[in-house]
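> Provided below for reference: sequence and predicted model.
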Number of protein chains: 2
Amino acid sequence: MLTIGKLGASAGVKVPTIRYYEQIGILPEPDRSAGNQRLYPKTTLDRLAFIRHARELGFPLEAIRDLLSLSDRPDQSCAAADAIAKAQLLATRARIARLRALEAELERMIDQCACGTISDCRVIEVLGDHAHCAHDHHVAETE
Amino acid sequence: MLTIGKLGASAGVKVPTIRYYEQIGILPEPDRSAGNQRLYPKTTLDRLAFIRHARELGFPLEAIRDLLSLSDRPDQSCAAADAIAKAQLLATRARIARLRALEAELERMIDQCACGTISDCRVIEVLGDHAHCAHDHHVAETE
DNA sequence: CATAATCTCTCTAGCAGCTATAGCTTCAAG
DNA sequence: CTTGAAGCTATAGCTGCTAGAGAGATTATG
């Protein structure tokens, strides 16, 4: 059995994050010690590692929740898991495309700046007038 | 003079967002009508368009706050504005690099999936064990 | 002029995915 | 037996908004 600290250290997840995952129901409530401290079986380490890994790959927690419930039923078809992964891939690609447009615009803006005074600064000017832009970039990228 | 609705429609910014910007101090508090409604001069439209455009380019509001205070002092050097833009460019590139690694990993994961049952699903398996991964991707991408 | 439809007002709470703080208890090492 | 680390709960904060409630203001139509 593992304390929450050991579990976190083993999985590379911070302690408050583990409690948060429990709170939102993607980690089960573990048994407690006599002194009310959480004690985890080894299997929780696998589950937490899974979550962490999926988070690193950018899966939202809701998708991870679905993937976890799929992985609990090993005899079912994996088409659903595949669909979730494919959706994540598409979302990732969309974000890349968007960021590349931003990158191009920022490069253009910076290249044009002669670095004089603010009054003839291209950075400020371009920001102030969308008409200076080469591309459309109308949907804000979520940071 | 513009009401908040007209201002928002002209700048392409939603009304609550304008009030939010006022609250955090990047838009000035405007005069009010006899009935306590906000009335904006045309100049606020420029400022709001500037903000919106910078947001579209992914600048965080704190950076925009700095850019705005720079643009209020047109005789100063634009080096500071340039630095902010360059930092934004670097941040954008870092995010792209990170997302491309994720994209590659997701592609690999999906390609390997034979789409049978969960028990031999590569998607689930790879997520469960980081050792299956080709690359490191240890820092979670902010969504 | 009355009424209805549309703005606008303030205030509060919620989203994701944690992180931080405060004030307390429990545990392991020396 | 004491000290310090680690654990507990509960609450608030982060970014950048968005949604809702319930009230008042303004504008358009009859």
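Arrived safely, thanks for sending.
> now do the contacts for the residue nearest to residue A:41 when sequence neighbours are not counted.
The shortest distance from residue A:41 to any non-neighbouring residue, by CB to CB, 6 or more residues apart in numbering or on different chains, is to residue A:1 (6.3 Å). Any C-beta I mention is one placed from the backbone N, CA and C, and that applies to glycine too. Shown in contact with residue A:1 (CB atoms under 8 Å, 6 or more residues apart in numbering or on different chains): A:39, A:40, A:41.
> report the buried members of these.
Neighbour-count burial within these applies to residue A:40; the criterion is 16 or more other CB atoms under 10 Å in any protein chain shown.
> what's around the closest residue to DNA strand C within chain A, how many residues?
Nearest residue of chain A to DNA strand C (CB to the nearest atom of the strand) works out as residue A:35 at 2.2 Å. Residue A:35: 5 surrounding residues under other CB atoms under 10 Å in any protein chain shown.
> got it, and the one 3 residues further on?
A count of nearby residues for residue A:38, using other CB under 10 Å, gives 21.
> measure it to residue B:78 for me?
55 Å (CB to CB, to the nearest Å).
> mind listing what's buried along stretch A:79-86?
Neighbour-count burial for stretch A:79-86 [16+ other CB under 10 Å]: A:80, A:81, A:82, A:84, A:85, A:86.
> which strand or helix spans the fifth one?
With elements taken from DSSP states H and E, the one containing residue A:85 is helix A:79-111.
> please see if that helix touches DNA strand D.
No. Helix A:79-111 is not in contact with DNA strand D by CB under 7 Å from any atom of the strand; minimum separation 13.7 Å.
> residue A:92 and residue B:101 touch, don't they?
No. Here residue A:92 does not reach residue B:101: they are 9.9 Å apart, not a contact under CB atoms under 8 Å.
> so where's chain A shaky on pLDDT?
Residues of chain A meeting the criterion pLDDT under 70: A:131, A:134-143.
> going along the chain, name the helices of it.
Here chain A has its helices, by DSSP state H, at A:4-11, A:15-23, A:42-56, A:61-71, A:79-111, A:122-128.
> any chance of JSON lines for these, columns distance to DNA strand C?
Shown next, in JSON lines, are the helices of chain A (distance: least, CB to the nearest atom of the strand, whole Å):
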{"stretch": "helix A:4-11", "distance to DNA strand C": "10"}
{"stretch": "helix A:15-23", "distance to DNA strand C": "4"}
{"stretch": "helix A:42-56", "distance to DNA strand C": "5"}
{"stretch": "helix A:61-71", "distance to DNA strand C": "3"}
{"stretch": "helix A:79-111", "distance to DNA strand C": "11"}
{"stretch": "helix A:122-128", "distance to DNA strand C": "24"}
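> most packed of the ones you listed?
Mean neighbour count (mean count of other CB atoms under 10 Å in any protein chain shown) peaks for helix A:122-128 among the helices of chain A, with a mean of 23.
> show me what that one is packed up against.
helix A:79-111, helix B:42-56, helix B:61-71, helix B:79-112 (3 or more CB pairs under 8 Å, 6 or more residues apart in numbering or on different chains; DSSP states H and E).
> which elements pack onto the last one?
Just to be clear, that refers to helix B:79-112. Helices and strands touching helix B:79-112, by 3+ CB pairs under 8 Å, 6+ apart, are helix A:79-111, helix A:122-128, helix B:61-71, helix B:122-128.
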